[in-house]
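take a look and give me a structure for this.
(chains A and B)
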Protein chains: 2
Amino acid sequence: MPDVRIVHTVPELRDALAGVRPGLVPTMGALHAGHQALIRRSAAENGVTVMTLFVNPTQFNDPGDFAKYPRTLEADARAAAAAGADIVWAPAAPEVYPPGFATTVTVAGLTDRWEGASRPGHFAGVATVVTILLNSAQPLRSYFGEKDFQQLQIIRRMHRDLVLPGEIVGFPTVRDTDGLALSSRNARLSSSARAQAPVIHRALNRMTAAARSGEVRCDVLVGEGLAELRTVPDAQVDYLAIVDPDTLEPLGTLARPARSIAAVTLDGVRLLDNMAIQPGSRPWDS
Amino acid sequence: MPDVRIVHTVPELRDALAGVRPGLVPTMGALHAGHQALIRRSAAENGVTVMTLFVNPTQFNDPGDFAKYPRTLEADARAAAAAGADIVWAPAAPEVYPPGFATTVTVAGLTDRWEGASRPGHFAGVATVVTILLNSAQPLRSYFGEKDFQQLQIIRRMHRDLVLPGEIVGFPTVRDTDGLALSSRNARLSSSARAQAPVIHRALNRMTAAARSGEVRCDVLVGEGLAELRTVPDAQVDYLAIVDPDTLEPLGTLARPARSIAAVTLDGVRLLDNMAIQPGSRPWDS
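So this is what the prediction gives:
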């Protein structure tokens, strides 16, 4: 296993960095190939790469979900090292939230819809902990997966608004060979649900293809995706929408590059995915 | 006039700093000798001192108050230079709050009482802008007057919680020869109100003296202060209290170092002041 240094406190982290501004890959552990792709990208672009491993209690609206979240520090440190991380920063909760902690970072508007509507307080928890991680590590670049697209856009907005250090890099979703977006939650799928789960990617693909063929009415495009999702009767659609990529507001007409976003529950596991979608060539353009 | 460089944008500021981490003195302009004392302290402790001059719209709950706040950039830059500032950073509002700005920093608990109760949203505006200023300037030390004691304690808490850069330095209140705490608002006092205003300092002094003499019952100590304030019938007391210096919760018994805090309106101008207060020698100690 390549060398990786495990640190816990901010002074230990700063000591390990010795004034070098790293690439930062924040994670909650349970590493999969998507996380490793972020780490590899960071290792290619920065002299030192820090992976944070912190299962953040404040972004779980369900305490049971927090309790059963997998915690596998040693395996995660090995996976991080294999991908090129130099430092694993795994703070204890009281290090991040000392006694008397009272501060919250909120992002208006962007956090209300979609995941925000079904998980109250979730994005305030994310925004606050990311602010703490970035201020602590002072990275040159921080890497986040596009799989959690709303989270990425909220972090971009907050990063700009609060003049947080470095640059935010969004990284394309890493998928299994059948198209399913990699997620730590996939491990919870039953084998039959796992076999059905790629329908989400197929639905988004079908919408992007219909747009490429010239369809610009978003209700029609979403209808295409829903028709695909209905091929799996067990799939419960929480939302499927085409949104402005910056504001996350739903669009009526696809007039510029946008994003399709989906949340679908299969066998009790809520899965997210999203895809770029843009107006394609229309008959009268050719 | 000593050299002072005036910058407006964050890139200009960073260019002027050339990688040096400064001492930072955030102000809303309308400089008086209290601000100059902060600047002198910073100039003594840091290689470069930046004074920010930004009349922050989000911390005014009354738009009229914002509109009539004095704006005197040239005089302020001269006063800052005379006290030893190297750079005056005077950002325009759209530089601090670009289009689409959506992020707010809040501090629970500490912000609810006292000034927070009478100025809804005020402290969220302060916490958010101070986060932006500190992240932009990356100071080694930031200087705030104790005159706004609740603000100082909120900034300390937020600074610790969000791991903001550098250190927060609280500076003792600078007073006029008759004891009145210096404040940009004092200029709005009529000459008769100005003559009456030192009663606030006398009231706090009387409370501290009573505590030194052995009185530990906070209601009795506050009664001493109120008796002093009643010698000026025009003084409207918004609050007078003895509080825990960290939580700002009112105390029943003075068992450890605490803070007396006051807000008094004279002739339509709301004046703040505060003072350290601690248990003195008691008969059974001697």
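
tell me how far residue A:56 lies from chain B.
Distance of residue A:56 to chain B, given as C-beta to the nearest C-beta, to the nearest Å: 14 Å. Just so you know, the C-beta spots here come from the backbone N, C-alpha and C atoms, and that holds for glycine as well.

for that residue, give me phi and psi.
The phi/psi pair for residue A:56 (degrees, to the nearest 10) reads phi -80, psi 110.

right, and it touches residue A:126 too?
Yes. Residue A:56 lies in contact with residue A:126 (C-beta atoms under 8 Å); the separation is 7.5 Å.

what about those two, which has more around it?
Legend: neighbour count by other C-beta atoms under 10 Å in any protein chain shown for residue A:56 and residue A:126, higher for residue A:126 (25 against 22).

surely the more buried one is in a strand?
No. Checked against DSSP: H, G, I helix; E, B strand; the rest coil, residue A:126 lies outside a strand; its state is helix.

which residues touch it?
Residue A:126 makes contacts with A:56, A:59, A:151, A:154, A:155, as judged by C-beta atoms under 8 Å, 6 or more residues apart in numbering or on different chains.

quick one: which of those residues is most hemmed in?
Ranked by the number of neighbours (other C-beta under 10 Å), the contacts of residue A:126 place residue A:154 first, at 27 neighbours.

list of residues touching the helix or strand containing it?
Per DSSP states H and E, residue A:154 falls inside helix A:149-161. For helix A:149-161, the surrounding residues in contact (C-beta under 8 Å, 6+ apart) are A:105, A:107, A:110-111, A:113-116, A:123, A:126-127, A:130-131, A:134, A:142, A:144-146, A:164, A:168, A:170, A:245-246, A:248, A:259, A:261, A:272, A:274, B:97-98, B:100-103, B:132.

quick one, what contacts the closest residue to residue A:165 other than its chain neighbours?
Closest residue to residue A:165 apart from its sequence neighbours, by C-beta to C-beta, 6 or more residues apart in numbering or on different chains: residue A:138 at 4.8 Å. By C-beta under 8 Å, 6+ apart, the residues touching residue A:138 are A:21, A:165, A:166.

mind giving me a markdown table with those and columns for secondary structure, pLDDT and neighbour count?
Output for the contacts of residue A:138, formatted as a markdown table (DSSP: H, G, I helix; E, B strand; the rest coil; pLDDT from 0 to 100; neighbours: other C-beta atoms under 10 Å in any protein chain shown):
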| residue | secondary structure | pLDDT | neighbour count |
| --- | --- | --- | --- |
| A:21 | coil | 98 | 16 |
| A:165 | coil | 97 | 20 |
| A:166 | coil | 98 | 18 |
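
just those now: which is nearest chain B?
Compare each of those with chain B using C-beta to the nearest C-beta and the shortest gap goes to residue A:165, at 7.2 Å.

quick check: the closest one vs residue A:64, distance?
35 Å (C-beta to C-beta, to the nearest Å).

which non-adjacent residue is nearest the residue nearest the centre of chain A?
With distances taken as C-alpha atoms, centre = their mean, residue A:148 lies nearest the centre of chain A, 2.8 Å away. Nearest non-adjacent residue to residue A:148, counting by C-beta to C-beta, 6+ apart: residue A:272, 6.5 Å away.

tell me the angle of whichever strand or helix holds the one you found relative to helix A:149-161?
Counting by DSSP H and E, the element that carries residue A:272 is strand A:269-277. Counting by axes from the mean of the first three to the mean of the last three C-alpha atoms, to 10 degrees, strand A:269-277 lies at 70 degrees to helix A:149-161.

in what helix or strand does residue A:24 lie?
strand A:23-27.

let me fix that: residue A:144
Going by DSSP H and E, residue A:144 is in strand A:141-145.

just the strands in the stretch 101-250 of chain A please.
Secondary structure of the stretch 101-250 of chain A by DSSP state E, counting those that start in this stretch: the strands cover A:103-107, A:141-145, A:167-171, A:236-243.

send the alpha carbons of the longest one over as CSV?
Yep, that's strand A:236-243 we're talking about. Taking Å, rounded to 0.1, in the frame of the first residue of the first chain, the C-alpha atoms of strand A:236-243 are listed here in CSV:
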residue,chain,number,x,y,z
GLN,A,236,-41.0,5.1,-7.3
VAL,A,237,-40.2,8.4,-8.9
ASP,A,238,-39.6,11.2,-6.3
TYR,A,239,-38.9,13.7,-9.1
LEU,A,240,-37.8,13.8,-12.7
ALA,A,241,-37.2,17.3,-14.1
ILE,A,242,-35.3,19.5,-16.5
VAL,A,243,-33.8,22.5,-14.7
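
much appreciated, bye for now.
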